[in-house]
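# What shape does this take:
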Amino acid sequence: MQWALGGLACSALLVVACGDDEATVKAVNDVDAGAEVLDSGSAEPLADAGDASDAADAFVPCGPGDEVKTTVGDGGATLSLCGATLEVPEGALEAGSPVGIAVVAAPAAPWFDHELSGPVFRFTPDDIALELPAKIGLTRDTTKARGPVLARWLPVEKEWGEHEGCLKDDVLSLETIGLGTFGLMQDVNTYPPAASGLGTATVSLDLGGVATSWTVPGNGGYAVYEPGVDGRSFMLVARRTEGDDLEALDIRGVIQNNQPSGIVQVSWLTTAPDAKSWSWVEPIHGPATSFTMTETSPGTYTGELHVVGHYGDETTEMGATFTMTPGKFRPPPSYSCGHPEGDPR
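Residues are numbered from 1 along each chain as shown. This is a model prediction of the structure:
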């Protein structure tokens, strides 16, 4: 169920607080990471350290076999190739150490519902940890409305992993002490910019013996699903006003192919100053008391749940029945321009 805990369902430990921008590691077919990767070697430099423009001009075509190499000088080294850049600062490697960028064949297929957006690049040296973070950059396809995801090949796990890079001036960059094989992945679908208002649902909630009714859409609520290779994750968020206060009901779960559906989280939140907000998260609080959900017509689901809600050390019974027709949605990629990867701060 790993795919279901990303995106809409989020990491269970953060599920109450996470928004539409979560990102997770996703797995693909098991292949040999090294089978299609070029030898970094120690060939003669093709570009002078710090002279990125010459390297880019010398390699206009972008296909496996194209590469640029140099050695680290007193001020570090800078290279570029086919929209990819590598900046190695002074002190990251010993002077005279070889560095390079090479276009390589993709070691595995992209994630579900994604495609590679541009070449796959191997940044070297990728077999040691640098003393200081180097900066890699990949130029995005500006014809796409939604931004790409920075993917890194994980040779031990034999799968692609996702990095939360920094997107600025159409370049997705990452500062890291570990170089390797990277590429940009693009969602093949077109989604609305936000989930608010998508889908329809009606919910009847019993919270500690108090019954309330909820309707989606309304007050920014939504019912959405995110497709995955083994099924889909769903999120039902209903909101309503009670006097001057806002109440929100959040139900998240998974619909798995040829397996029973599962529930991941239920929470009830209120802005009332003297009221308590209740939540249940399966990995933290244990299995649901009960949960059933069936597809009553194509794309429409009816469900019933019973869980024990938690507020600190206090508990209360939470039960709900719902009918929803969720809209298709995937949260957009999240980007961060904070501390470099490997920075202990």
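
# Which of the three states applies to Ile284?
State at Ile284, reduced to three classes by DSSP: H, G, I helix; E, B strand; the rest coil: helix.

# What distance do you get for it to Arg232?
23 Å (Cβ to Cβ, to the nearest Å). Bear in mind the C-beta positions are built from the backbone N, C-alpha and C, glycine included.

# What of Glu247?
Counting by Cβ to Cβ, the gap from Glu247 to Arg232 is 27 Å.

# Over to Val72?
Counting by Cβ to Cβ, the gap from Val72 to Arg232 is 48 Å.

# cool, and His163?
His163 sits at a distance of 25 Å from Arg232 (criterion: Cβ to Cβ).

# Verify the contact between Ala108 and Leu154 for me.
No: applying Cβ atoms under 8 Å, one finds Ala108 not in contact with Leu154, separated by 10.0 Å.

# how does the chain divide into domains?
23-187, 200-328 (automatic domain parsing).

# Which of the ones you listed has the lowest mean pLDDT?
Per-stretch mean pLDDT for those is lowest at domain 23-187 (a mean of 80).

# burial measure for Val210, as a count.
A count of nearby residues for Val210, using other Cβ atoms under 10 Å, gives 8.

# first vs last residue of stretch 65-82, how far apart are they?
12 Å (Cα to Cα, to the nearest Å).

# I meant stretch 139-152, not that one.
Note: stretch 139-152 ends 15 Å apart using Cα to Cα.

# separation between the nearest residue to Asp245 once chain neighbours are set aside and Pro110?
Of all residues not flanking Asp245 in the chain, Ala272 sits nearest, at 4.3 Å (Cβ to Cβ, 6 or more residues apart in numbering). From Ala272 across to Pro110, the span is 46 Å (Cβ to Cβ).

# what about Pro107, which SS state?
coil.

# so it touches Ala151, yeah?
No: using Cβ under 8 Å, Pro107 makes no contact with Ala151, being 10.7 Å away.

# Neighbour count: the two, which is higher?
For the pair Pro107 and Ala151, the greater number of neighbours falls to Ala151 (29 against 23), based on other Cβ under 10 Å.

# Just list whatever residues bridge to that one.
Beta bridges link Ala151 to Glu162, Gly183, judged by DSSP bridges.

# who touches it in this structure?
Counting by Cβ atoms under 8 Å, 6 or more residues apart in numbering, Ala151 makes contact with 110-111, 160-163, 182-185.

# Between the residues you listed, which sits nearest Ala102?
Checking the contacts of Ala151 against Ala102 by Cβ to Cβ gives Phe182 as the nearest, at 11.5 Å.
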